[in-house]
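Asks: Sequence and predicted structure, then a few things I'm wondering about:
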Protein chains: 2
Amino acid sequence: MLNPVDFRTVILAGGSGTRFWPRSRRARAKQVLALDGERSMIQQTVERLTPLAGLDSTWIITNEYLAGEIADQLPGLAADQILQEPVARNTAPACGLAAFVIERQNPDAVLGVFPSDHVIGDEPRFLKALQKAISVASAGENIVVLGIEPARAETGYGYIETGELTRDGSALHVRRFIEKPNQVRAEEFVAAGNYYWNSGMFLWSARTLANAVREHLPETAPLLETIAAAYGTPRFDEVFRALYPKCENISVDYAVLEPRSAKGEHTSHLYCLPAEFSWNDLGSWASLYEYQLETRLRGDAEGNVPEAEGHMAIDAANNYIFSPGKFVALVGVENLVVVDTEDALLIVHRDHSQDVGKIVKELSLTGRSDLI
Amino acid sequence: MLNPVDFRTVILAGGSGTRFWPRSRRARAKQVLALDGERSMIQQTVERLTPLAGLDSTWIITNEYLAGEIADQLPGLAADQILQEPVARNTAPACGLAAFVIERQNPDAVLGVFPSDHVIGDEPRFLKALQKAISVASAGENIVVLGIEPARAETGYGYIETGELTRDGSALHVRRFIEKPNQVRAEEFVAAGNYYWNSGMFLWSARTLANAVREHLPETAPLLETIAAAYGTPRFDEVFRALYPKCENISVDYAVLEPRSAKGEHTSHLYCLPAEFSWNDLGSWASLYEYQLETRLRGDAEGNVPEAEGHMAIDAANNYIFSPGKFVALVGVENLVVVDTEDALLIVHRDHSQDVGKIVKELSLTGRSDLI
C-alpha cells in the first residue's frame, strides 16, 4: 500500500473589494462576505477542503486589510498560517512563497492552490475530482489544473486548450493557456469543445512548483526562499515586509504555466481535469443575482431576488435587492440591482453591474476613501 | 378709517401618510415632513400666514395620529387650538366646527381655510392675494376661493369655472365647481382660459360659513354647534368624541360650495381670486422630484435629484433618491424614485409613483401595520 499523500492547501484571498461595492469594501472584500448563505466565501472554501486537508495543512495568503477579519472567521487556524502580504504581487510570488515554505517541510507534499471567491456546488463531486487531481499531481513533475466546462462564451475568464487524454484516461493533456479572449474567439472555443475555463485551482508537488519558480522567476525565487527560511522565526514579519515588495508582480499562469505549456503537449506535464461539479465565480452583482435565482436560494415568481425582511412587487420583475432588515417595495421597475448599506446606496442596471468598479475608482480619486 | 378685519386661519391637517410612503406614515404624514427644506409643511403653512393671523388666531384640525407631532412642531400654539378629530369626516364638518367656534367669538371674523400639504412660492405675492381675499370675504355673504391658473391638463384636481369680473375688478364671479375631470375635459378647461384649479383655500366670514352649514347640512349643524358650545370647557373632548362621528362625511366643496354655485353667477356671492403666486400640491414622489428640479433646490446636470450625503452618476439621469446620510451611486438607470428609510426601501418608476398608495393598502391587508 502506498503512503497517503501529504496534501496542503494554499488559499488565495487577496481581494480588493470593488465588484460587490458597497457591500464589499477594502476591509470587507467578497472573500469575507456571506454572499450565498450563512458562511463567508473563505469559510466555505476552507470547510469544503477540510475532508482532504485539515486546518493544520491550510495556508491563507491575504492582505493587511482582510487578515484580521479572516482570522476572526477561522478561529481554528494558527496565526502563522495566515500570510499577510505587505503589498500585492499577484499570484506567482504568493504561490511560490507557499511552495518554498512547504518544500522545507516535505518536498513531496502536494500543494493545491485555491481561489476563495468562487462558489462550488456538489461538494461530493468536487472532493472526488480533487482526490483524482491529488493523485495525478503526486507523481513526478505533474501539474494539474481543474478546468470548468464553459457554459457560455464568457470573455471575462482565461481558457485552457486541451489535447489528448492521458493513457490511463484520468486527465487531459494541456496544449496551452489562453488569456481572456474577445467575443469571437470565446465563441470559437465553446464551439470547439476541447476548451475549458481556467478555474484558478492548481495542484502540484511542493518540489515541482518550487523548481518551476526557480526556473522561470530567477530573480524572485531567492527572495521568496529567504522569506521561507525565516518562516516560523521571530524575524519572519520583518523579512517578509522587506523582501516581498521586491518580487515580480506576475500571475502564476503567466510566469510558470504558459512557458511550461510551450514545451509541447506530451512533455510539459501539464494536465487538465474537467470538473464535474457546478462552479460560479460570482464576478458581479448580476452574476450573484443569476446564481441565487438558478439555485432557488431566493426569488419570487417574477424573478425578483430580495435579500430583505419581506418584499412586495407590483409590475416589477428581475430585480436584485440587498437591503437586509428592511421591507422592500418594487413598483414598475425591471432589471435593477439595488444594494443598501449603512453608509452607501447603489442603484445600477443589471447590464451595467460590471461598472461598479468605476465607482470605487472614482471614490478613490475624489478623496472618499471612507467609502472604499 | 375702517376697523381692521379680525382674520382667523383654520388649517386642515388630516393626512393619512400614503403618498410619500415609506417616508410618510400614519403618524408622520406629509404635513409634518420637511419635503422641500428645513421646515415641515405645517410649519411653513403656519409661518406663511402669521403676518396676517398670529398664533392666537390659528386653529389646526388634525387626527389622533398627527396631533402630538404637530404640537411638538408648533410649540407656540395653545393646546386647545389643535383640534383632534376622533374620526375623519372630510372637510365640511371640520370647517363647520371652526365656523361655529369662531362665530361665538366674533361672527364678523373672516375665516380662512388652508390645506397644509401644498408648497407656495413668492410669499409676498401670496400675502398680497390673501389681503385682497380677506377684503372681499369681509363683505356680507361673500365666499372667496383662491384659484390656481392651470399649468397643464391635470386630472387630479378639481376646477373652478369663472365668469365675469366683479364691478371693481377685484375678483371673478364663480360659475361652478367641477370635480376631477377626465383628460378630454381637463384639456378643454385649460384651452378655455376661464378655468382655475381649486386650491382648497377658501375665505368667508364665520357667520357666512356657519349659516351655509346650517342651510346645507341641517342634521350635522346642530351636532357641530353643540361641540362648539363645549369648546374651552372641560367637557369639550368628551362631547367632540361623542358627536363628531355622527356628522356627515362630506367635503365643504360638495356640501356648501356646489349647491351655492347653483344659485347663479351673480347671486351666489362666490368669488374666485386667481393666484399670482407659484403653487404645487406635491401630490406624489414624482411631483416632489419635479418641484425640486424646477426650483433648483437640488439636482445635477443630468436631472438626478439626490437627497443624500453625496452622489455619483454614471450614465444615469432623471432619478429622485431620498437616502439622507448615505452616499448614493447611480449607474445606467433612469426615471427612478428610490426612497430609503430605516425599515423600508421603495423603488418605483417615476411614471408609477401614483401607485405608492397601493403598497400601503396591501401592507394594511397583509397585517404589516408596523410599516404604515
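Replies: Everything's here; your move.

Asks: so is the residue in the stretch 101-250 of chain A that chain B sits nearest to in a helix, a strand, or just coil?
Replies: For the stretch 101-250 of chain A and chain B, the shortest gap (Cβ to the nearest Cβ) falls at A:G156, measuring 17.9 Å. Backbone N, C-alpha and C define where each C-beta goes, glycine included. When classified by DSSP: H, G, I helix; E, B strand; the rest coil, A:G156 comes out as coil.

Asks: do you know how far it is from A:S369?
Replies: Distance of A:G156 to A:S369, computed by Cβ to Cβ, to the nearest Å: 27 Å.

Asks: how about A:K132, secondary structure?
Replies: helix.

Asks: Direction included, what does the helix or strand A:F202 falls within pair against?
Replies: According to DSSP states H and E, A:F202 maps onto strand A:195-205. In the sheet, strand A:195-205 lines up against strand A:110-115 (antiparallel), strand A:143-148 (antiparallel), strand A:159-165 (antiparallel) (DSSP bridges).

Asks: Quick check: closest non-adjacent residue to A:Y291.
Replies: A:N280 (5.0 Å; Cβ to Cβ, 6 or more residues apart in numbering or on different chains).

Asks: swap in A:W279?
Replies: A:W279's closest residue in space is A:I148 (Cβ to Cβ, 6+ apart), at 4.9 Å.

Asks: how close does the one you found get to A:N280?
Replies: 9 Å.

Asks: now swap in A:A316 and tell me
Replies: 25 Å.

Asks: Break chain A down into its structural domains.
Replies: Using automatic domain parsing, the domain ranges for chain A come out as A:7-280, A:285-371.

Asks: How far does the last one sit from its chain's centre?
Replies: For domain A:285-371, the distance from its own C-alpha centre to the chain's C-alpha centre is 23 Å (Cα atoms, centre = their mean, to the nearest Å).

Asks: what about A:D72, neighbour count?
Replies: If you count neighbours by other Cβ atoms under 10 Å in any protein chain shown, A:D72 ends up with 9.

Asks: A:D253 too?
Replies: So A:D253, with other Cβ under 10 Å, has 21 neighbours.

Asks: What of the one 4 residues further on?
Replies: The criterion is other Cβ under 10 Å. On that basis, A:L257 has 24 neighbouring residues.

Asks: Settle this for me: A:C272 is touching A:V145, isn't it.
Replies: Yes - counting by Cβ atoms under 8 Å, A:V145 is a contact partner of A:C272 at 5.4 Å.

Asks: who touches both of the two?
Replies: Shared contacts of A:C272 and A:V145 (Cβ atoms under 8 Å, 6 or more residues apart in numbering or on different chains): A:160, A:174.

Asks: ok, back up a step: for the residue nearest to A:Y291, list the residues it contacts.
Replies: Per Cβ under 8 Å, 6+ apart, neighbours of A:N280: A:118-119, A:287, A:291.

Asks: Same check on A:E161?
Replies: A:174-178, A:189, A:194-195.

Asks: before we move on, the earlier item: tell me which of A:G156 and A:S369 has more neighbours.
Replies: Per other Cβ under 10 Å, whichever of A:G156 and A:S369 has more neighbours is A:G156, with 13 against 9.

Asks: does that one really touch A:G283, like I thought?
Replies: Yes - using Cβ under 8 Å, A:G156 is in contact with A:G283, at 6.1 Å.

Asks: Which pLDDT value belongs to the most centrally placed residue in chain A?
Replies: Chain A has A:P115 as the residue nearest its centroid, 2.3 Å off, counting by Cα atoms, centre = their mean. A:P115 is assigned a pLDDT of 96 by the prediction.

Asks: How about it, nearest residue that isn't a chain neighbour?
Replies: The nearest residue in space to A:P115 (Cβ to Cβ, 6+ apart) is A:G200, at 4.4 Å.

Asks: Equivalent analysis for A:R48, please.
Replies: A:E123 (5.8 Å).

Asks: cool, and A:L172?
Replies: Closest to A:L172 by Cβ to Cβ, 6+ apart is A:T162, at 3.9 Å.

Asks: Just confirm that neighbour contacts A:N194, I think it does.
Replies: Yes - look at A:T162 against A:N194 with Cβ under 8 Å: they come within range, at 5.0 Å.

Asks: any residues in contact with both of these two?
Replies: Common neighbours of A:T162 and A:N194 (Cβ under 8 Å, 6+ apart) are A:L172.

Asks: Looking at the two, which one has more neighbours?
Replies: A count of neighbours by other Cβ under 10 Å puts A:T162 above the other of A:T162 and A:N194, at 25 against 14.

Asks: Spell out which parts of the stretch 201-350 of chain A neighbour chain B.
Replies: A:308, A:310, A:312, A:314-316, A:319, A:321, A:323, A:325-333, A:336, A:338, A:340-349 (Cβ under 8 Å from any Cβ of the partner chain).

Asks: Restricted to strands, list the residues you listed.
Replies: A:308, A:312, A:314, A:321, A:323, A:327-331, A:336, A:338, A:340, A:344-349 (DSSP state E).

Asks: one step back: show me just the buried residues among the residues of the stretch 201-350 of chain A next to chain B.
Replies: A:308, A:312, A:314, A:316, A:319, A:321, A:323, A:326-333, A:336, A:338, A:340-341, A:344-349 (16 or more other Cβ atoms under 10 Å in any protein chain shown).

Asks: how many neighbours does the residue in the stretch 1-150 of chain A that chain B sits nearest to have?
Replies: Nearest residue of the stretch 1-150 of chain A to chain B, counting by Cβ to the nearest Cβ: A:P22, 7.3 Å away. Applying other Cβ under 10 Å, we find 26 residues neighbouring A:P22.

Asks: did I read that right, it in a helix?
Replies: No - if the criterion is three-state DSSP, then A:P22 is coil and not within a helix.

Asks: Report pLDDT for it.
Replies: At A:P22, pLDDT is 97.

Asks: repeat for A:E276
Replies: 86.

Asks: Excluding chain neighbours, give the residue nearest to it in space.
Replies: A:R125 is the one closest to A:E276 (Cβ to Cβ, 6+ apart), at 5.2 Å.

Asks: The one you found sits in which helix or strand?
Replies: Per DSSP H and E: helix A:123-137 holds A:R125.

Asks: which other residues reach that helix?
Replies: Contacts of helix A:123-137 (Cβ under 8 Å, 6+ apart): A:5, A:7, A:48-49, A:51-52, A:110, A:112, A:120, A:142-144, A:146, A:166, A:170-171, A:203-205, A:208, A:271, A:273, A:275-277.

Asks: do the same with stretch A:295-302
Replies: A:36-37, A:121, A:291-293, A:305-307, A:311, A:313, A:316-318.
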